[in-house]
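[1] Sharing a model prediction with you, sequence too.
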Amino acid sequence: MTRTTRIRAALVTATAVVTAATVSVGVSAAGSAKPSKPTKKQIAALFDGWNAALRTGDADTVADRYAKDAVLLPTVSNKVRTDRAGIVDYFEHFLQNKPVGKKVRTIVNVLDSDSAIDTGVYEFTLTDPGTGRKRVVEARYTYEYEKRGGQWKIVNHHSSAMPEG
């Protein structure tokens, strides 16, 4: 083998090694990309979708916002709801009051790309189905969200009327 042939062989080998290293670094960097975290504003806006579901008056539409294994500790019921049937049952009764929710204070904690907590105070304007009289109920809330199958679902929802209200 001549000196020129050896230099060419060394250059080809060096180029192949550099190319292979570059490709594997690129593949490993692309494969390790983490999904981006949602913003606090995006999580806070999930309430708007839930509130819009309330306005449909359809308990199944509201229950669709919850995960299959969600837990609901509702404002106006002593029963803990731990399955879809229980959640639908609660909303069938609650929706008779034509609730319209509004956040008063919200504190969002984004845990990672697939989970977040929204907690704070909201108020509901409720309309008595018999008299048409309206009343406002202020309550504390906590929504725990998880992204499942690409959709944000409520996995835990606690709501309780303000004790001093």
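    Looks like it came in fine. Numbers count the residues shown, from 1 in each chain.
[2] need the helix or strand of this structure with the lowest average pLDDT.
    Lowest mean confidence among the helices and strands of the chain (mean pLDDT, DSSP states H and E): helix 3-31, at a mean of 44.
[3] Beyond it, next helix or strand please.
    helix 40-55 (DSSP states H and E).
[4] Buried residues of the following helix or strand past that next one, list them for me.
    Later in the chain than helix 40-55, the nearest helix or strand by DSSP H and E is helix 59-63. Neighbour counts over helix 59-63 (16 or more other C-beta atoms under 10 Å) mark 59, 61-63 as buried. (C-beta placed from N, C-alpha, C; glycine too.)
[5] for helix 59-63, packing partners?
    helix 40-55, helix 84-94 (3 or more C-beta pairs under 8 Å, 6 or more residues apart in numbering; DSSP states H and E).
[6] Select, out of those helices, the one closest to Tyr122.
    helix 40-55 (7.7 Å; C-beta to C-beta).
[7] And the average pLDDT for that closest one is what?
    Helix 40-55 shows a mean pLDDT of 97.
[8] what do you get for stretch 104-124?
    On average, stretch 104-124 scores 97.
[9] Select the longest strand from this protein.
    As assigned by DSSP state E, the longest strand anywhere in the chain is strand 134-148.
[10] hmm, back to that, and of the helices and strands packed on helix 59-63, who's closest to Asp69?
    Comparing the helices and strands packed on helix 59-63 by C-beta to C-beta, helix 84-94 comes nearest, at 9.4 Å.
[11] how far is that closest one from where the chain is centred?
    20 Å (C-alpha atoms, centre = their mean, to the nearest Å).
[12] need the contact list for the residue nearest to Gly57 when sequence neighbours are not counted.
    Of all residues not flanking Gly57 in the chain, Leu95 sits nearest, at 5.4 Å (C-beta to C-beta, 6 or more residues apart in numbering). For Leu95, the contacting residues are 54, 57-59, 62, by C-beta atoms under 8 Å, 6 or more residues apart in numbering.
[13] Return the member of those residues nearest to Asp69.
    Val62 (16.7 Å).
[14] for Gln42, what are its contacts?
    Taking C-beta under 8 Å, 6+ apart as the definition, Gln42 has no contacts.
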